[in-house]
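Q: Let's see this in three dimensions:
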Amino acid sequence: GDGGLVEVSSPLNLQFEGRVDTTALNGQTGELLLDPYIIYITATAATDDPNPDFIQAGGNITYFNNNKGSSIVYLRQDALRIALETNNVTVTTQPETTTEKGEIRVSSGVDVTWHTKTTLKLIGNRIALLSSNGVGSRFENTYSTESGNWVAIDFIVPEASGVVIGDVIGLEMRDSTLKSVKGDISLSAIGEDADGGRGMLLIDSEIRSSGNDLNSAKITLRGIGGATVGSSADPLNYSHGLDLYNTDIISDAGDIEMFGLSGQAPNSATTGIGNFGVFLNTSNIRTNRGQVYVEGKSRGLGPSATGVYSWLSKIESTGVAVGAQPIYVVSKGSDGEAAVCSGIEINDSTIQSQDANIFLSGKTLAGGGTDNCSGVKVQASFVTSVNGMISLEGISNGSTNNNNGIYINASEIENQGKGAIVIDGTGSPSGTTVENMGILLNGKSSIKTKEGTISFQGKGGTGTDKCHGIELKDSRVISEAGSIAFTGNSK
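A: Numbering: from 1, shown residues only. Okay, here's the model as predicted:
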């Protein structure tokens, strides 16, 4: 049979000394469950740890202990590492009535590497991997013997309400690394119901799947921004679902999936800016043979409410031939009621592949945005593939002017081999003034293929003037050996 459950439970004064082994000879390993109010995972003993020098005596391990009368429990990295060799370890925090509720804090310098097919699961009202002088923490599972789907690292923030005052981010990583060979890495977090309540914020960090076969670790990030609740008209700013700054998400053969939903303001709040479903800021998403899927939706009502926003970032697939899986960047829409609310905006960024297909599909929702709200907006960027197909599909629903299905400005979209390029845009059917186009190429943009075909399908929106199906303004469309087709429909 399988190993059982060992639960160690005490919210305030949890002092546990012992070694637990829930492995089974012919079954699945069991679970060690720890559930204090607040827990700090530390590299060394804390200054207020009652037994700072006790690490191992008589074969027993002090997993953690706390200062009597305090709600903070300390779990040292060595104890956690030893526990993971023979148990699935779950640490879940319980809400309490003080200002610190349910936090899991990982101190700088923590380094936990384990080698068995076990899971580290952290569940808290806030999870923070902290940094000091550029040094964060590191968790790595190196198990590579058996194939099969399982999760090695599982961090969950089900609801970031009532967390430490001033910290409104569900899951925060700084200068930290998560790494696995076979076991999946899954991060899921919901931000505080407050201004700036990001679901997940990753800064100067790395998440890596290092396996090299089809059963390699899959990386999944799911983030939801907080909401401004009640009838308050206070603005909601920068409550992104996923916010990555100078961070790398890298996989050789495993898939990468990212889902972001921004915070939501009350209907009376039309102010507030920059609420993105997914925000990639000077970050890299890279895979060799795995699939990349990035999906975002904005629920912000102010300007720049964008589903997926990429700034100075790169999404790349280096896979060749049949081993190359597609890159998808998808927006499920933007609810923005102001200007510049796009489905997808690729700004000063690169999306490239060797042989993988690239799909960008974005839209703004019905009634979403006023002006300059495109389904897909590509500015000062590069979208390139050697042999894979490149597809851009955009739908706008802005209410006034310059609401284009596809807007490409000062950018290059190039297929260097035999792959096709398909660009399909629908201008806003809700536009009331001018220039609600299906497809607009502007600012010396270039669409180029070596041997493949290029196809434009543009449907103009409604308005008073210049609502063209397709407009090329100071731009080039080049095919060295393939065909070029334009199909436009203007209202």
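Q: Which parts of the stretch 51-200 of the chain are strands?
A: Ranges of strands within the stretch 51-200 of the chain are 56-57, 60-66, 72-76, 88-92, 103-106, 111-114, 120-123, 126-129, 138-141, 151-157, 171-174, 177-180, 184-190, 200-203, based on DSSP state E, counting those that start in this stretch.
Q: so which of those comes closest to F456?
A: strand 200-203 (37.1 Å; Cβ to Cβ). The way it works is simple: take the backbone N, C-alpha and C, and place the C-beta from them, glycine included.
Q: got the contact list for S107?
A: Taking Cβ atoms under 8 Å, 6 or more residues apart in numbering, we find S107 in contact with 40-43, 130, 137.
Q: The residue lying closest to A24 once chain neighbours are set aside and F16, how far apart?
A: Nearest residue to A24 in three dimensions, chain neighbours excluded: G3, at 4.5 Å (Cβ to Cβ, 6 or more residues apart in numbering). Distance, G3 to F16, by Cβ to Cβ, to the nearest Å: 18 Å.
Q: same thing with R198?
A: From R198 to F16 the distance is 34 Å (Cβ to Cβ).
Q: For those two, indicate the residue with more neighbours.
A: Remark: of R198 and F16, R198 carries more neighbours, 32 against 19, as counted by other Cβ atoms under 10 Å.
Q: Hmm, the more buried one is touching L236, no?
A: No - look at R198 against L236 with Cβ atoms under 8 Å: they stay out of range, at 11.4 Å.
Q: what's across from I315 in the sheet?
A: Listed by DSSP bridges, the beta-bridge partners for I315 are I285, I351.
Q: which ones are touching it?
A: 280, 284-286, 292, 294, 327, 329, 349-352.
Q: Looking at these, spot the one nearest N442.
A: Of all the contacts of I315, N442 sits closest to S349, with 17.5 Å by Cβ to Cβ.
Q: now the strands of the stretch 51-200 of the chain in JSON lines, with mean pLDDT and distance to A356?
A: Compiled in JSON lines, the strands of the stretch 51-200 of the chain are given as follows (pLDDT from 0 to 100; distance: least, Cβ to Cβ, whole Å):
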{"stretch": "strand 56-57", "mean pLDDT": "34", "distance to A356": "50"}
{"stretch": "strand 60-66", "mean pLDDT": "47", "distance to A356": "45"}
{"stretch": "strand 72-76", "mean pLDDT": "83", "distance to A356": "42"}
{"stretch": "strand 88-92", "mean pLDDT": "94", "distance to A356": "35"}
{"stretch": "strand 103-106", "mean pLDDT": "92", "distance to A356": "35"}
{"stretch": "strand 111-114", "mean pLDDT": "97", "distance to A356": "32"}
{"stretch": "strand 120-123", "mean pLDDT": "96", "distance to A356": "32"}
{"stretch": "strand 126-129", "mean pLDDT": "94", "distance to A356": "31"}
{"stretch": "strand 138-141", "mean pLDDT": "98", "distance to A356": "27"}
{"stretch": "strand 151-157", "mean pLDDT": "97", "distance to A356": "26"}
{"stretch": "strand 171-174", "mean pLDDT": "96", "distance to A356": "27"}
{"stretch": "strand 177-180", "mean pLDDT": "97", "distance to A356": "23"}
{"stretch": "strand 184-190", "mean pLDDT": "96", "distance to A356": "21"}
{"stretch": "strand 200-203", "mean pLDDT": "97", "distance to A356": "24"}
